[in-house]
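*Asks:* Got a sequence here, can you build the structure:
(2 chains)
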Amino acid sequence: MQTKERPVPNGVILEMTGDLTYANREQFKTAVEAIRQKGCRHLILNMAEVRFVDSSGLGLLALVSQNFKLSQAKVSMLKPQSYVREIMSLANIQKLIPVYDNEQDALSGHQRAA
Amino acid sequence: MSFESSATAAGPAGSPPPHTVLVVDDEPTARLALVARLKRLGYRVIQAGDGRAGLEALRRERPELTILDWMMPEMDGPSFCEYVRQDPELQTSQILMMTSHDQPEQIAEGLARGADDFLSKAASKYEITARVQAGMRAATLVRRLKDATEEIRQKQEALEQELQSAARYVESLLPPPGAILPGVQMVHVYRPSLALGGDLFNIVPWSDDFLGLYLLDASGHGVSPALRSSSFATFLRRDSLLRHVGSNDPGAILTEANKQFPLTETGHYFTIVFASLDLRCHTLSYATAGHGGALLHRRSGEVCWMAQPNLPLGFDPSTSYVTATLPIGLGDRLYLLSDGLYEFPAANGELWGQGRLEKTIQALGRQPLETVITETIAEAVRWQGHEQFPDDVALMGVEVAI
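*Replies:* A predicted model of the protein is given here:
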């Protein structure tokens, strides 16, 4: 998995490419933890280029959401692909991490019905 | 013929025993001269007068170094080397080959056939000393490597035995198949992806006409999920549930479990389907947490998935899990399964999926429960093209016959 940070007003967008799985959990954790330590208020995970999330990846997303919550910050998700979206909705992840279809909505926190 | 020669005077007490050199040469004069020189250097020396006797001495004494003449009757030097390299017990022996004419072609042939180094018969005593010491260094390194490999092998074996014994313990937690209560049959398959699995299931009669059953899946593979699963299974025992939850209600049980089993610091968690079967009222109550759920195959042929989109356990401590209830009738079958039974790919990467699993079970129809379970696994194996599933696979089928 490759990640790239992009600062936006009041937050950071993390552009993710590859699979979010057990094999590359460390890369993802390191990237996200670095952002949290910098005092980011809103982390937006851009999932448009993520093909697959396994059960371990799902746990990581929940962990990231809990850790940001402890720092009074929030996590959102942008444009997950259909298979990933299905996994997320079976596990009801949008209850923890709101899902958005475009950057503007993610920034304003305006959630349309999924 | 083989000669033994006693070692040089033993060193002071506590010093390591001298290294041993085997000299194999059919010419007594040359052999005795070399033996005398090696003894003066402090080595223990054994001798043999031909290749065959040399092999016997090598096998018996395991010297650190063998110095071998090229030309010998019976078995010459290069044949000796070839034999040694093909013998698993002897193949790491260090061999120094002696020759009277050190032509490059001959040296190349000797090395190719298994010698480690060459020594000219005309070599000075300094060169002999240096070559023998170099051979000893190599022999010591090889021996250390063999010892380390053997130590690792023994540790690995001990670890695997531990894992096997832990795996037997986990399997002992699984319910024995057969009649759970009069009129309720159960059959299951359990195929952990490693020796130890993180999937666990059970079916327990809580009274004459009331059963609790569940299938849980700890995220991850190996020892840690297996430990977490067995601790969760202890929480799900009847006495523990009465103490911690005080209710038979699947939703209430999962709501409490969600508080008891938070996300681990590495992001691991459980998914579960928990159900209770009331044979008196003919109802099936269930709740799921992040789990693909269970499949209800009615006697009529109708199939429905029992699953609610719900967070896995530990994701959010404030989550309430809600019980759903369905009527259940004579001949209905309930299949509890792990996601490992549908989330695996064929060779081309395409996942088997819940749809194909459902169709397979539906097509097997009213065949005996045992056959449905076995054939479903067989069909999954055909799809992926091999026996080894990437994730733990568990499938428990329950048939209600009253």
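
*Asks:* Identify the residues contacting the closest residue to chain A within the stretch 101-250 of chain B.
*Replies:* Per C-beta to the nearest C-beta, B:Ser219 is where the stretch 101-250 of chain B lies closest to chain A, at 4.5 Å. C-beta here means a position set from N, CA and C on the backbone, and glycine is covered the same way. Listed by C-beta atoms under 8 Å, 6 or more residues apart in numbering or on different chains, the contact set of B:Ser219 reads A:Ser55, A:Ser56, A:Leu58, A:Gly59, B:Gly198, B:Pro225, B:Gly267, B:His268, B:Tyr269, B:Phe270, B:Thr271, B:Pro312.

*Asks:* Repeat that for B:Met71.
*Replies:* Applying C-beta under 8 Å, 6+ apart, the residues near B:Met71 are B:Asp26, B:Gly77, B:Ser100.

*Asks:* picking up where we left off before, most neighbours among the contacts of B:Ser219, please name it.
*Replies:* The residue in the contacts of B:Ser219 with the most neighbours, by other C-beta atoms under 10 Å in any protein chain shown, is B:Gly198 (32 neighbours).

*Asks:* For the closest residue to B:Val132 other than its chain neighbours, give its distance to B:Ala275.
*Replies:* Excluding the flanking residues, the one nearest B:Val132 by C-beta to C-beta, 6 or more residues apart in numbering or on different chains is B:Leu65, at 6.5 Å. Remark: distance between B:Leu65 and B:Ala275 (C-beta to C-beta, to the nearest Å) = 72 Å.

*Asks:* picking up where we left off before, and the residue of the stretch 101-250 of chain B closest to chain A, how far from B:Arg62?
*Replies:* 51 Å.

*Asks:* pLDDT weak spots in chain B?
*Replies:* B:1-14 (pLDDT under 70).

*Asks:* if I look at the one residue in it that gets nearest to chain A, how far off is A:Phe28?
*Replies:* Here the residue of chain B nearest chain A is B:Gly267; by C-beta to the nearest C-beta that distance is 3.7 Å. Relative to A:Phe28, B:Gly267 is positioned 10 Å away (C-beta to C-beta).

*Asks:* what does B:Gln106 give?
*Replies:* In terms of C-beta to C-beta, B:Gln106 sits 61 Å off from A:Phe28.

*Asks:* I'd like to know which elements the longest helix seen in chain B is packed against.
*Replies:* In chain B, with assignment by DSSP state H, the single longest helix is helix B:125-172. If you count contacts as 3 or more C-beta pairs under 8 Å, 6 or more residues apart in numbering or on different chains; DSSP states H and E, helix B:125-172 packs onto helix B:28-40, strand B:65-69, strand B:94-99, strand B:117-120, helix B:223-235.

*Asks:* okay, the angle between the next helix-or-strand element following the first one and helix B:28-40?
*Replies:* This means helix B:28-40. The helix or strand immediately downstream of helix B:28-40 is strand B:44-48, counting by DSSP states H and E. Counting by axes from the mean of the first three to the mean of the last three C-alpha atoms, to 10 degrees, strand B:44-48 points 160 degrees away from the direction of helix B:28-40.

*Asks:* tell me the angle strand B:44-48 makes with strand B:65-69.
*Replies:* Using the same axes, to 10 degrees: strand B:44-48 against strand B:65-69 is 30 degrees.

*Asks:* Given strand B:44-48, what are its sheet partners and their directions?
*Replies:* strand B:2-4 (antiparallel), strand B:20-24 (parallel) (DSSP bridges).

*Asks:* what residues does the last one touch?
*Replies:* By that I understand strand B:20-24. With C-beta under 8 Å, 6+ apart, strand B:20-24 has contacts from B:31, B:34-35, B:38, B:43-51, B:53-54, B:57-58, B:61-69, B:72, B:77, B:80, B:132.

*Asks:* quick one: the helices in the stretch 251-400 of chain B?
*Replies:* B:353-364, B:369-384 (DSSP state H, counting those that start in this stretch).

*Asks:* re the thing from before, B:Gln106 and A:Phe28 - which one has more neighbours?
*Replies:* A:Phe28 (21 against 16).

*Asks:* Surely that one is in contact with A:Leu61?
*Replies:* No. At 9.1 Å, A:Phe28 does not count as touching A:Leu61 under the criterion of C-beta atoms under 8 Å.

*Asks:* Beyond the lengthiest helix in chain A, next helix or strand please.
*Replies:* Using DSSP H to define each element, chain A has its longest helix at helix A:55-70. Counting by DSSP H and E, the next helix or strand C-terminal to helix A:55-70 is strand A:74-78.

*Asks:* How about the contacts made by the spatially most central residue of chain A?
*Replies:* A centroid search over chain A (C-alpha atoms, centre = their mean) returns A:Leu45, at 3.2 Å, as the residue closest to the centre. Contacts for A:Leu45 were tallied using C-beta under 8 Å, 6+ apart; they are A:Leu14, A:Met16, A:Leu61, A:Val75, A:Ser76, A:Met77, A:Leu78, A:Ile97.

*Asks:* Could you rerun that using 7 Å?
*Replies:* Residues near A:Leu45 by C-beta atoms under 7 Å, 6 or more residues apart in numbering or on different chains: A:Leu14, A:Met16, A:Val75, A:Met77, A:Leu78.

*Asks:* Widest-spaced pair of those residues?
*Replies:* A:Met16 and A:Val75 (12.7 Å; C-beta to C-beta).

*Asks:* related to what we said a few turns ago, which strand residues bridge the residue nearest to B:Val132?
*Replies:* B:Val21, B:Gln94.

*Asks:* I'd assumed B:Leu96 was in contact with it.
*Replies:* Yes. Here B:Leu65 reaches B:Leu96: they are 6.3 Å apart, a contact under C-beta atoms under 7 Å.

*Asks:* Between the two, which contacts overlap?
*Replies:* With C-beta under 7 Å, 6+ apart, B:Leu65 and B:Leu96 have common neighbours B:Gly135.

*Asks:* just the strands in chain A please.
*Replies:* A:2-8, A:11-20, A:42-53, A:74-78, A:99-100 (DSSP state E).

*Asks:* possible to save those strands as JSON lines with mean pLDDT?
*Replies:* Converted to JSON lines, the strands of chain A look like this (pLDDT from 0 to 100):
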{"stretch": "strand A:2-8", "mean pLDDT": "93"}
{"stretch": "strand A:11-20", "mean pLDDT": "94"}
{"stretch": "strand A:42-53", "mean pLDDT": "94"}
{"stretch": "strand A:74-78", "mean pLDDT": "95"}
{"stretch": "strand A:99-100", "mean pLDDT": "94"}
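
*Asks:* Return the residues in contact with A:Ile44.
*Replies:* Per C-beta under 7 Å, 6+ apart, neighbours of A:Ile44: A:Gly11, A:Ile13, A:Ser76, A:Leu78, A:Ala106.

*Asks:* no, scratch that, I was asking about B:Leu341
*Replies:* Here B:Leu341 is in contact with B:Leu357, B:Ala380, B:Val393, B:Leu395 (criterion: C-beta under 7 Å, 6+ apart).

*Asks:* Then A:Leu43?
*Replies:* For A:Leu43, the contact set (C-beta under 7 Å, 6+ apart) comprises A:Gly11, A:Val12, A:Leu14, A:Val32, A:Ile35, A:Phe68, A:Ala73, A:Val75.

*Asks:* who does it bridge with?
*Replies:* A:Val12, A:Val75.

*Asks:* so the residue nearest to B:Leu111 when sequence neighbours are not counted bridges to which residues?
*Replies:* Nearest residue to B:Leu111, sequence neighbours excluded (C-beta to C-beta, 6+ apart): B:Phe118, at 7.6 Å. Bridge pairing for B:Phe118 (DSSP bridges) gives the partners B:Met97.

*Asks:* Up against chain B, what does chain A have?
*Replies:* Counting by C-beta under 7 Å from any C-beta of the partner chain, chain A comes close to chain B at A:55-56, A:59-60, A:62-63, A:66, A:89-92, A:95-96.

*Asks:* tell me the least confident of those residues?
*Replies:* Ranked by pLDDT, the residues of chain A next to chain B bottom out at A:Leu90, which has 83.

*Asks:* give me phi/psi at the nearest residue to that residue once chain neighbours are set aside?
*Replies:* The spatial neighbour of A:Leu90 that comes closest, neighbours along the chain excluded (C-beta to C-beta, 6+ apart), is B:Pro309 at 5.7 Å. When quoted as degrees, to the nearest 10, the phi and psi of B:Pro309 stand at phi -70, psi 110.

*Asks:* That's all I had, so thanks and see you.
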